[in-house]
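> predicted model and sequence below, questions to follow.
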Amino acid sequence: MAPDATPWWRDATVYQVYPRSFQDSDGDGVGDLEGIRRRLPYLAWLGVDAVWLSPIYTSPMADFGYDISDHCDVDPLFGTLADFDRLVAEAHSLGLKLLLDYVPNHTSDRHPWFEDARAGGAHRDWYLWRDGTAERPPNNWLSSFGGPAWTWDEQAGAWYYHAYLAEQPDLNWRNPEVRSAMAGVARFWLERGADGFRIDALRQAMKDDQWRDNPPNPDWRQGDDPYHALLQEFSADRPEVAEVVAVLRDAAEAAHAADGRERLLIGELYLPVERLMAYYGYGIDLPFNFHLLQTPWRAADVGALVETYEAALPDGAWPNWVLSNHDRPRVATRVGPGQARAAAVLLLTLRGTPTLYYGDELGMPDADIAPEQVQDPWGLRDPAHGRDRARTPMPWDDSPHAGFCDAGARPWLPLSDDAATRHVARQREDPDSILMLHRDLLALRRAEPALTAGAYRTVALEGDVLAYLRGERVLVALNLGEAPGEVRLPGLSATVALGTARGRAGQRIAGGAVLGGGEALVARLDHS
Ligand code: GLC
Ligand code: MG
């Protein structure tokens, strides 16, 4: 590819699959690679471009695959390397890219590297050990899942650091042997066909070399998440994270040079907008922009976020947007059912690469998970943070378990309450469904270059209504409130291409519009 050509991922939509919950093929109630392979035609039909799989590697599953004990194999629960090869080949034959999760920050405590490190072997310095006594951890750092980030290891007679569970010891990326081993992991999958990585917990991959205490967070109040009682000043977003990115960038460039296929690097980064921007400079293509996950669903707030984010982007940097993922409540639950369609229009018409979380295209809500059904290790420690409710099986049709697994199998998590009626088969037949809205939006993105390449410009922010232009051709208007709202659009006239109220397509807009509660529309400007 010529160096100035647009990389494929700028025009792409990424679809996140949580492998345990997409499709079971072998009757164990847990989704697997063969199940995903069988559902690829659905994703091609939907119109997404790239599929990102949460981890599929060998794992004791303390954190459902984010605790890896063999980076270069597939967990038997999900299948085999041969299943992966079939999956990637079929994805490519359907024109879909396949992205994998890459977990640099930590391994499983059952990884042979850690077992050897613990026993004082050659891998000792691959992890982060501090001497001391069992009474007092080396500093005040906290685990994201609660409690101290240090565990005293009897066998080693030392503390080890873990940003997450004690079963997920952090790797020592200052050690060149770790860098070269983890570069090998990246090459292994890129050479096997992966089109890039979503890089897990990237901000935490390097820590302060002096292990300084984190300072207290002055905004923290009693009752808030205890993790946020401290600012993560010394345990996250250190400038040396750039060195980790460089290792992955090198692997991506080498794979690109070898086979001519451009690889994408996405970084999982819960950081303020201005800090996200540094990661473009480090070599991340898309530092995940999670700000819609926490911005109040009000036109003024969403509009201000988009402006702030657009203005902060460095030259040449490409934006991206996320509405849900496997760690947060689903968008339909956050914004409410009356706003889920407007949310889809927003995600798929903002400038930048969108990431769509499986099931969101059905308007799927968070499920109720009874205490005895909780699987998530974070939810077991702190029910308020339980992530199972956003990880329930994909509902496909009206067969038992909504077609996710065989009738005789027991799904690893319950299906969402409305799975008997909210499923792919039914929504495919219904032109008014939120699934068909997603499909039509994705088709419009392909047909209308302004929706991918056109500049973003706010044209109105009036009450609950936000309206913006994409390039000189497309107008988008969204009513983020429950009541009807009017927006003035002086001097603009357009024809509706697509709306959440499907009957509006073809209608004319001149100088303004009235939108019903939760209504959104995309229109083509007349002069273009
Ligand atoms: C990331 C993942 C999350 C996981 C954590 C530890 O935040 O998205 O699911 O628990 O990293 O790997
Ligand atoms: Mg299975």
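Yep, it's here. Ligands and ions are numbered 1, 2, ... in the order given.

> what about residue 458, which SS state?
strand (DSSP: H, G, I helix; E, B strand; the rest coil).

> residue contacts, it?
Contacts for residue 458 were tallied using C-beta atoms under 8 Å, 6 or more residues apart in numbering; they are 303, 306-307, 466-468. For glycine as for every other residue, the C-beta is placed from the backbone atoms N, C-alpha and C.

> what do you get if the cut-off is 10 Å, keeping everything else the same?
By C-beta atoms under 10 Å, 6 or more residues apart in numbering, the contact list for residue 458 reads 303-304, 306-307, 310, 466-469.

> domains in this protein, by residue range?
8-107+173-440, 112-161, 455-525 (automatic domain parsing).

> sorry, back to before: out of the contacts of residue 458, which end up buried?
303, 306, 310, 466-469 (16 or more other C-beta atoms under 10 Å).

> farthest-separated two in the residues you listed?
310 and 467 (15.4 Å; C-beta to C-beta).

> save the buried ones among the contacts of residue 458 as a markdown table, and put in secondary structure and distance to ligand 1 too.
Shown next, in a markdown table, are those (DSSP: H, G, I helix; E, B strand; the rest coil; distance: C-beta to the nearest ligand atom, whole Å):
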| residue | secondary structure | distance to ligand 1 |
| --- | --- | --- |
| 303 | helix | 28 |
| 306 | helix | 24 |
| 310 | helix | 26 |
| 466 | strand | 29 |
| 467 | strand | 34 |
| 468 | strand | 30 |
| 469 | strand | 34 |
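
> pLDDT and distance to residue 165 for those - can I get that in a markdown table?
Shown next, in a markdown table, are those (pLDDT from 0 to 100; distance: C-beta to C-beta, whole Å):
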| residue | pLDDT | distance to residue 165 |
| --- | --- | --- |
| 303 | 98 | 39 |
| 306 | 98 | 36 |
| 310 | 98 | 37 |
| 466 | 98 | 40 |
| 467 | 98 | 45 |
| 468 | 98 | 42 |
| 469 | 98 | 46 |
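
> so what's the residue of the stretch 301-450 of the chain found nearest ligand 1 closest to, chain neighbours aside?
Closest residue of the stretch 301-450 of the chain to ligand 1, C-beta to the nearest ligand atom: residue 327 (4.8 Å). Counting by C-beta to C-beta, 6 or more residues apart in numbering, the nearest residue to residue 327 once its immediate chain neighbours are dropped is residue 387, at 5.6 Å.

> next, count neighbours for the one you found.
Using other C-beta atoms under 10 Å, residue 387 has 21 other residues around it.

> my guess is it meets residue 379, correct?
Yes: using C-beta atoms under 10 Å, residue 387 is in contact with residue 379, at 6.2 Å.

> shared neighbours, the two?
Each of residue 369 lies in contact with both residue 387 and residue 379 under the rule C-beta under 10 Å, 6+ apart.

> one step back: out of the domains of the chain, which is closest to ligand 2?
Ligand 2 lies closest to domain 8-107+173-440 among those, at 3.8 Å (C-beta to the ion).

> end to end on that closest one, go ahead and measure it.
21 Å (C-alpha to C-alpha, to the nearest Å).

> give me the number of residues near the residue lying closest to residue 244 once chain neighbours are set aside?
In this structure, residue 244 finds its nearest non-sequential neighbour in residue 205, 4.5 Å apart by C-beta to C-beta, 6+ apart. Residues near residue 205, counting by other C-beta under 10 Å, number 27.
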